[in-house]
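**Student:** sequence? don't have it. structure:
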């Protein structure tokens, strides 16, 4: 239904959902075996020549790209990949019950906390043996992203994409704007854009996750990667003066954001950048999907969020990473290991990237010669980063981000003055959630 | 006087005549009863009554009770051993710490009040007009009823296009999609609930119209004639004669509207996912339970609150109905 670049779950709407809600919240609990029974249809193939794989790549372009990867794997190893594709959002909603039932041998998932969560619950198998083979293909930051809390590897990254401030080269050229590298320059640029009749920063937060991206950028620029990670892990307090500072900075920038953001989808906000009505847009590189005209896409460029505290500079990049994990007791473990080893090679990544030019390979060994200038820049930005973050809803508990942070940030955007009571409310709710 | 003694012996005659018939009927019944319950019939009956009972118990009672039990626990939905008993903690948290809970309760109430005050009288009005045998009555009925046939998700999607702040119908017409004149129908918490309620009312009017139309069709035409003969005008007839006879329909309407207000979900979820200003209990339940968040205990606690509200409304209604039946 909706594209969820952040990996956020957008539950589908049905009357059944409501019935579940009213009649029996527990229907879900009781329904776990039922749901997982539907999930594991591909898992029955137990012969050594087949590996089953649970996929969330339900969109036509990625689906075809993955099919090509598996065809190539079958040619090289003689092992057939039995793909069980589910709707992207449904896959995410059902992941709990899916992994508890009879999951496929290998499944699509996201790096970071969301991977560590299932690893810690024992719902995924460690794949250190795979990493012995593919380790050399990846930079240190990717290696760290693929590890669980116990230090073992659980994840094979395939592709990644950066969050940054996107703009149109022609607009900057025409008006003589310079790419800002510090906070003051950014504010000055916003002021100038406003004077020139542009919306300085396009913004749409109807889906409630884009604002998290803005928070992440300001927070790790102002307070550094380490504090950001502590905050996401529920260790640092939301009433800390540092968090308050992040929101103060955001309040300063907020008047230059597009009005009425809570009612606008990110796609509509992107259109204001396409139509040159907006000067900049803070989003992931998937914003390129909205530039359907080739000339417009070539005109698209981006820069890293400006420095706020010189102690941290621009050392952190938000780069959500998608890849694969192995389920807790795969039927064909040897085959699954082979498949994961193949998915960790530059060849597999290149096959995928041919089909989807909005992302870049997670591996440093992948051939970058066919990259578009935008991909090259994204690749440089990510490989040059000192630390990588995933995204608020991938770095923290999904229950906390979806039930507390999403509504809170929407509230802040609309009413930045009520920040103090908002932060203490966030902290109170956080304590309960992280205690459970 | 002379005729009466001759007639009186005849008068009791029919009763003796009727008793044999009654006797035969009485003797036949037990026979038929015995014949009815052969082994096969018993099996069929057992299956016909048993299967739905099992399904009902499993899908309604067991789940409802499990949900009530889970409301006193925390559970992330992974493995039954991770269920932890926390007593009233979820409710405490809900009533004191959740910034969305009380607004959600309020919005459910507003939803009901608006539905009963605007689309319900509107539906009654349309029904009365359509009941007058006007031309093309069927066409109008279909037109007004069409929103009810459509899925609420579709309605939400259509209205979201109308209210879209940048490209939507309303803002485009009144020119409110430019910086400085912006009206955010979907995001502004002072507006969005009312915007959605217009969509909900649009649908509810058709629903109410059909219910009232059915009620009006069953009103005895002689009542109208009688009141016309008494010189009552149209409004007086409606107020004093027709409306009181619609009493059973009104009860149905009330119950249906309460249910609609409590189960309001689809429309809002499609419209803006229950952002600030449009929080509803059903949406809070969904956000907490479905998907990856899996706060099953906490979500169940909200579901229990919804259940208690439903019971608080339905039990007095059932008591009143049963009392009336007993009196009748």
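**Tutor:** Sure thing, it's come through. Note that the structure is predicted; figures quoted are calculated from it, not measured.

**Student:** my read: residue A:387 touches residue A:140, true?
**Tutor:** No. Taking contacts as C-beta atoms under 8 Å, residue A:387 lies outside contact range of residue A:140: 10.5 Å. The C-beta positions use only the backbone N, C-alpha and C, and glycine is treated the same way.

**Student:** Give me the more crowded residue out of those two.
**Tutor:** Neighbour count, other C-beta atoms under 10 Å in any protein chain shown: between residue A:387 and residue A:140, residue A:387 has more, with 18 against 9.

**Student:** Who are the contact partners of whichever residue of the stretch 101-250 of chain A sits closest to chain B?
**Tutor:** Using C-beta to the nearest C-beta, the single residue of the stretch 101-250 of chain A nearest to chain B is residue A:121, 5.4 Å away. Shown in contact with residue A:121 (C-beta atoms under 8 Å, 6 or more residues apart in numbering or on different chains): B:78, B:79.

**Student:** now do 6 Å
**Tutor:** residue B:78 (C-beta atoms under 6 Å, 6 or more residues apart in numbering or on different chains).

**Student:** For the lengthiest helix in chain B, which helices and strands make contact with it?
**Tutor:** Taking DSSP state H as the criterion, chain B has its longest helix at helix B:296-327. The criterion is 3 or more C-beta pairs under 6 Å, 6 or more residues apart in numbering or on different chains; DSSP states H and E, and the helices and strands that helix B:296-327 contacts are helix A:25-39, helix B:63-70, helix B:89-97, helix B:281-289.

**Student:** I figured residue A:51 was touching residue A:83, is that so?
**Tutor:** No. Using C-beta atoms under 6 Å as the test, residue A:51 is too far from residue A:83 to be in contact (9.7 Å).

**Student:** Compare those two (neighbour count), which wins?
**Tutor:** Neighbours were counted for residue A:51 and for residue A:83 using other C-beta under 10 Å; residue A:51 has more, 31 against 18.

**Student:** Bridge partners for the more buried one, pull those for me.
**Tutor:** Legend: beta-bridge partners of residue A:51 under DSSP bridges are residue A:81.

**Student:** Next one: it from residue A:432, what distance?
**Tutor:** 41 Å (C-beta to C-beta, to the nearest Å).

**Student:** between the longest helix of chain B and helix B:281-289, how many degrees?
**Tutor:** 150 degrees (axes from the mean of the first three to the mean of the last three C-alpha atoms, to 10 degrees).

**Student:** How about the secondary structure of residue B:293?
**Tutor:** coil (DSSP: H, G, I helix; E, B strand; the rest coil).

**Student:** Next one: the spatially closest residue to residue B:282 that is not a sequence neighbour relative to residue A:406, how far apart?
**Tutor:** Counting by C-beta to C-beta, 6 or more residues apart in numbering or on different chains, residue B:265 is the residue found nearest to residue B:282 once chain neighbours are left out, at 4.0 Å. Counting by C-beta to C-beta, the separation of residue B:265 from residue A:406 is 18 Å.

**Student:** Which one's more surrounded, the two?
**Tutor:** Each of residue B:265 and residue A:406 has its neighbours counted (other C-beta under 10 Å); residue B:265 has more, 26 against 23.

**Student:** Domain ranges for chain A, per the record?
**Tutor:** As assigned by automatic domain parsing, chain A contains the domains A:15-160+A:321-389, A:163-318+A:397-435.

**Student:** Could you export those as JSON lines, including mean pLDDT?
**Tutor:** JSON lines is the format used below for the domains of chain A (pLDDT from 0 to 100):
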{"stretch": "domain A:15-160+A:321-389", "mean pLDDT": "81"}
{"stretch": "domain A:163-318+A:397-435", "mean pLDDT": "93"}
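
**Student:** so who does residue A:239 touch?
**Tutor:** Residue A:239 sits next to A:423, A:424, A:427 when contact means C-beta under 6 Å, 6+ apart.

**Student:** for these, which one is nearest residue B:255?
**Tutor:** Nearest to residue B:255 among the contacts of residue A:239, counting by C-beta to C-beta, is residue A:424 at 42.0 Å.

**Student:** Quick check: which element contains that closest one?
**Tutor:** Element membership for residue A:424 (DSSP states H and E) is helix A:419-435.

**Student:** quick check, that helix touching chain B?
**Tutor:** Yes. Against chain B, helix A:419-435 shows contacts by C-beta under 6 Å from any C-beta of the partner chain at A:425, A:428, A:429, A:432.

**Student:** Go through those residues and say which is closest to residue A:162.
**Tutor:** residue A:429 (30.3 Å).

**Student:** Against residue B:137, how distant is that closest one?
**Tutor:** 55 Å.

**Student:** Tell me which of these two has more neighbours.
**Tutor:** The neighbour count for residue A:429 versus residue B:137, taken as other C-beta under 10 Å, is higher for residue A:429 (21 against 14).

**Student:** How about the more buried one, nearest residue that isn't a chain neighbour?
**Tutor:** Nearest to residue A:429 is residue A:404, by C-beta to C-beta, 6+ apart, at 4.7 Å.

**Student:** I'd say that neighbour and residue A:431 touch.
**Tutor:** No. The pair residue A:404 and residue A:431 does not pass the contact test of C-beta under 6 Å, sitting 10.8 Å apart.

**Student:** and the two? which has more neighbours close in?
**Tutor:** Taking other C-beta under 10 Å, residue A:404 and residue A:431 do not tie; residue A:404 has more neighbours (25 against 15).

**Student:** how about the strands in the stretch 51-200 of chain B?
**Tutor:** Assigned by DSSP state E, counting those that start in this stretch, the strands in the stretch 51-200 of chain B fall at B:73-74, B:84-85.

**Student:** So in that sheet, which strands flank the last one, and in what orientation?
**Tutor:** It refers to strand B:84-85. strand B:73-74 (antiparallel).

**Student:** and residue A:165, that one's in a strand?
**Tutor:** Yes. Looking at residue A:165 with three-state DSSP, it is inside a strand.

**Student:** what bridges to it?
**Tutor:** According to DSSP bridges, beta-bridge pairing links residue A:165 with residue A:282, residue A:303.

**Student:** show me what contacts it?
**Tutor:** Residues near residue A:165 by C-beta under 6 Å, 6+ apart: A:280, A:282, A:303.

**Student:** among the residues you listed, who's most crowded?
**Tutor:** Neighbour counts for these peak at residue A:280, which has 29 neighbours (criterion: other C-beta under 10 Å).
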